[in-house]
Structure formats: structure tokens, C-alpha cells
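Novice: Quick one, fold the following:
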Amino acid sequence: ASNTATLLTKSTSGGKALNLTGTGSGKYSVGNNLAATASTYSDGSKGCPFMLEDVDTYHYVYIRPNTLKIAGISIPSGAYLASWGTVAQTTQPSGGYAYYNNGVLTLNNFVHSNTNGRVIEANGSLKIELVNENSFATADDHAIYVEGLLEITGDGKLSMLSEDEICVCVTHGLTVTSGTLQSSSTKQQAIRVTQGSLHLNGGSVVAYSAAKSAVSVNGATTVTGGHADFDGYLSALSTGKFSITGGEMYLRSMNISDSWEALYITSTASDAFFCAPNTKAEASTDDGGLNGTELDPSKLATYNFVQFRTSTLRISGVTLPDGMYLASGSSTPVTVEPAEGYAYYKDGTLTLNNYSYEGEGYVYGAVYINGTDLTIELLGDNTLVQTKSGRDAICADNANLTIDGTGKLTCRGEDHGIWVGRGLSINGGTIT
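Specialist: Numbers count the residues shown, from 1 in each chain. Sure, this is the predicted structure:
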């Protein structure tokens, strides 16, 4: 299909809407400016983005040109719209602008509003790249509506407000890779994914609703990185399933009198809730903050406030993932045990085996962890020297630290040798 084609095929008898008899990679090709959706229902209900591997199951296929409107103004591929602009143009404006090209919308200091409709409306999947500070507002419709998949990237920020409607409404899935997304609604959800899933892989997402759940997801919510802060009058997050393996998330229900849970999971499947072992989950029955209670998945309905914080260990200025090694003098974690001195992190225990480091380290220390307890196992002769002023050799922020083993550790920081936010236990080893 070319970039201007429109194709609608249906099978009302249970057959294939699109029967591809060819072979090889060339049997299916759709232009970049086309949106392809499909359904296993002949009337097109419960549609999803077209997937070639599922083509034999579809009774409905609809391919049409991608379209983008900003404040009701059609934006063709390769065009700009200035902040508060009323006409698309082919040259870059001198001030803030939106630029659309092949399914990617770049917002650079872009400001706009629409009192009688949607600010951004996309027919087909859309990627938004954020540059600098951007903001939208609408009185009676969505700030963003995407019929397809929406991805947020970039290192900028987008702040949005919808007074009467869902602020961000996406049909088939929302992914946040980077950037900062702030979404508020006075009467509806701040973010709603009607059919697909929500993936938080990085960046920051802040959602607030004064009347409904802050975020509603029909499918699954997966958190692998970044920061999320959801505040809802009802639930903070309503989702089919929930999984967190990285990043941090704060969920708060403001409606304590009616006992709305911060995290409401609609699925009753055994795998509906997953929290990785290196993620600390705490909860409270009031909205004032944490009371130090460890989250019990069987009691989710009783919690008005839930907090997830994934343990990220940094050593020698390097993030050391679970199950990885870092050799002395190296900045690249590896899966194979080094021949010489190394650090190894697994299930909350950092093993130092003849490891040595001298330098500025991370922001707070040569070894740094926040919010999750850490055990340091000493083998051989180890040295940690933090050379920058105001930093520690070991910093366990808001965490307990246990030191054990048969080895030695010499640690020296410009501020502290060892700084612990909660409790320190020394069960073995020789520490200088």
C-alpha cells in the first residue's frame, strides 16, 4: 500500500479479511504515513494495530493515511506549526513550534490550546519527541487523542490540562521512554488507555485527576524504569495487570472516606501482580504518606497509598545490574566473572573480591544505594576511595547496611567513610 492508499476489507463469513498468498519479506508492505488496524471481528470492534504474524486471524483490516491535527489544523508530513499558530507552514518558525514528519511529532517550546476540541488528534500511531518546555490546554475535549499507539521520547517536558474530558486518551497503547509528561483533568481521568497497555520504561510521568482515577489502563501496566507519580480522587491507577521491575512509582487515592484503593487491578489471574525482588514496595492506609508497612499483595484493596522503589546499585560511578560483575578499573558490567579483582551484585548482596577504586564515583558515593537494604560481602583485600568533596566512600541512603565476610576493606571519603540512613550491622571482615 502506498502513502495515499485506503483499503477496507471485511469477511462476514468467518474467513480471512486479507489473504496473503505470497512468500518472503515482500509479501506485505505499508508506507510510513499509513495507519493499519485490524480486528478478529468483522465489524471492526475490539480493533488493534495490524500485526503480520496474526494476519490469518483477522476478519477486518483497515489501512488508511495517517492524519494529524493540532487544534483542528491539519498538519501534513514535513510541516511546522508555530505556537498559537493557525496555519501549517513548510519553514521552521522563529519561536516555539511543532514539527511533524513520518509519524514523529517534535514539540520544541510549543504552546497551544483548543477551547472547543482536541489539541492533538492522530489517526494512526504517533511518536512525540519532547524538546524544552511545552504545554497544552483544552476546556471540553482531550489534550491528546491517538487512535493507535503513542510513544513519548526526548529530554523535554509536556504539561497538559483538560477541564471536562480525559486529558490523554490512547486506544492501543502508551509507552514512555524518556522525557517528562504531566497530565491533569478536573472531571475525568488524566490518562486512559482504552484497549492496549501502558509501558513506563524511563522518563517521568505525573498524572492527577480531581474526580476520577488518575490513570486507567484496559490492558497491563509494566514499569521497567523512570519515575511515575499518580494522584486520583478514586484510584490512582486502575489496570488489568501490573508489573514493576525497575524505576519508582508513587500511587495515592485521595478519597479515603469511600475506601478507594491506590492500585486497583481488575484481573484475577495469578500473575496479575508482580513486583521484582529488588523493588521495595511499601503501603499505607491513609494518604498522608508511608507508615513503613511492607506491601501485601493480598491487601491491595486496603491501601490508599502505595510506593515502589527499585534498588539501583551504583559502584565507581557505574550502575551495576543484578547478576552482573564489574572489574577493578572498568566501567562496563559483564556477565562473566573477571580474572582479577571485581565487584558482583546479586539479590541485594554486593561481593567485593580484591576490588579497588579511587575516583569521584556517583553523586553521593563510590558505592551508593537508595531505599533498599544492602549487604556487602568482603573477600580478599578491597579499597574504596572517594575523591570528591562532600561525598562518601559508601552511602546507603534510606536503607540498612550489613557488612560481612572474611576479607578486608579500606574506605575513605571526602565527607564520610561510611554513611548509613537507617541501621549498620558489621558481622565480619576487617574495616579501616
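
Novice: middle-most residue in the chain, spatially?
Specialist: Leu200 (1.6 Å; Cα atoms, centre = their mean).

Novice: surely it meets Thr222?
Specialist: Yes: proximity of Leu200 to Thr222 meets the contact threshold set by Cβ atoms under 8 Å, at 7.2 Å. Every C-beta, even on glycine, is put in place using the N, C-alpha and C of the backbone.

Novice: and the residue nearest to the centre of the chain, what are its bridge partners?
Specialist: Val176, Val223 (DSSP bridges).

Novice: which residues does it contact?
Specialist: The contact partners of Leu200, by Cβ atoms under 8 Å, 6 or more residues apart in numbering, come to 176, 221-226, 228, 247, 249.

Novice: Pull out the buried residues from stretch 353-364.
Specialist: Within stretch 353-364, the residues scored as buried using 16 or more other Cβ atoms under 10 Å are 353, 355-357, 361-362, 364.

Novice: Tell me which of these has the lowest pLDDT.
Specialist: Within those, the minimum per-residue pLDDT falls on Tyr362 (70).

Novice: so that residue is in which element?
Specialist: Using DSSP states H and E, Tyr362 is not contained in any helix or strand.

Novice: That one: what's it in contact with?
Specialist: 314, 317, 368.

Novice: I'd like the distance between the closest residue to it other than its chain neighbours and Ala366.
Specialist: Closest residue in space to Tyr362, ignoring its immediate chain neighbours: Arg314 at 4.2 Å, by Cβ to Cβ, 6 or more residues apart in numbering. Separation of Arg314 from Ala366 (Cβ to Cβ, to the nearest Å): 9 Å.

Novice: what about the two, which has more around it?
Specialist: Ala366 (28 against 19; other Cβ atoms under 10 Å).

Novice: got a pLDDT number for the more buried one?
Specialist: 90.

Novice: for Thr332, same thing?
Specialist: 90.

Novice: OK, contacts around the residue nearest to Tyr362?
Specialist: Arg314 neighbours (Cβ under 8 Å, 6+ apart): 320, 361-362, 367-369.

Novice: List just the nearest of those residues to Thr310.
Specialist: Ile369 (10.9 Å; Cβ to Cβ).

Novice: Please look at that closest one and Ala396 and confirm they touch.
Specialist: Yes: using Cβ under 8 Å as the test, Ile369 is close enough to Ala396 to be in contact (5.6 Å).

Novice: could you point out which element follows the lowest-mean-pLDDT helix or strand in the chain?
Specialist: When each helix and strand of the chain is scored by mean pLDDT, DSSP states H and E, strand 48-49 comes last, with a mean of 66. Moving toward the C-terminus from strand 48-49, the next helix or strand (DSSP H and E) is strand 60-65.

Novice: Could you give the average pLDDT over that following strand?
Specialist: Strand 60-65 comes out at a mean pLDDT of 76.

Novice: so what strands line up beside it?
Specialist: Partners of strand 60-65 in its sheet, by DSSP bridges: strand 7-10 (antiparallel), strand 34-39 (antiparallel).

Novice: mean pLDDT for those: which is lowest?
Specialist: strand 7-10 (a mean of 70).

Novice: list the contacts for the residue nearest to Leu424 when sequence neighbours are not counted?
Specialist: Distance criterion Cβ to Cβ, 6+ apart; nearest residue to Leu424, sequence neighbours excluded, is Leu401 at 5.2 Å. Taking Cβ under 8 Å, 6+ apart as the criterion, Leu401 is in contact with 373-376, 394, 418, 420, 422-425.

Novice: Ok, Asn370 next?
Specialist: Here Asn370 is in contact with 309, 311-312, 397-399 (criterion: Cβ under 8 Å, 6+ apart).
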